[in-house]
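[1] All I have is the shape, not the residue letters:
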């Protein structure tokens, strides 16, 4: 049972990037999936979450309008689409399984590094 995050990399300010979170050992569509990030020297910060019904909850206003999340249940995967990226978005990004978007995570994936720099 695990989550695998991928898709990180180096992107210029203003650019876009799509991260993926693939589940194995369980059915992802039965769960809420959240995304969090941790910037150097800072605590991990919750970003947003998509419920099992597709409802999106944003945990921070700094990404609203720039980031969104979607499910691909056929591939047991959730995607985090990030746009208008800023240097302040530089962080390690994690996905996590939650029973609901307002409950604690019970499974974390390993992180994927996103660096926004010119």
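    Great, that's in hand. In this text, all values refer to a predicted model and were calculated from it rather than measured experimentally. Numbering: from 1, shown residues only.

[2] Give me the buried positions along the worst-scoring helix or strand of the chain on mean pLDDT.
    The weakest-scoring helix or strand in the chain, judged by mean pLDDT, DSSP states H and E, is strand 56-58 (a mean of 93). Neighbour counts over strand 56-58 (16 or more other CB atoms under 10 Å) mark residue 58 as buried. Yep, even glycine has a C-beta here, placed from its N, CA and C like the rest.

[3] Over to stretch 96-105?
    96-98, 101, 105.

[4] Relative to the whole chain's centre, how far out is stretch 72-82?
    In terms of CA atoms, centre = their mean, to the nearest Å, the centre of stretch 72-82 is found 10 Å from the chain centre.

[5] okay, how far is it across that stretch, tip to tip?
    Stretch 72-82 has an end-to-end distance of 17 Å (criterion: CA to CA, to the nearest Å).

[6] ok, now stretch 13-21?
    Termini of stretch 13-21 sit 23 Å apart (CA to CA).

[7] can you tell me the average pLDDT over it?
    Taken as a whole, stretch 13-21 has a mean pLDDT of 98.
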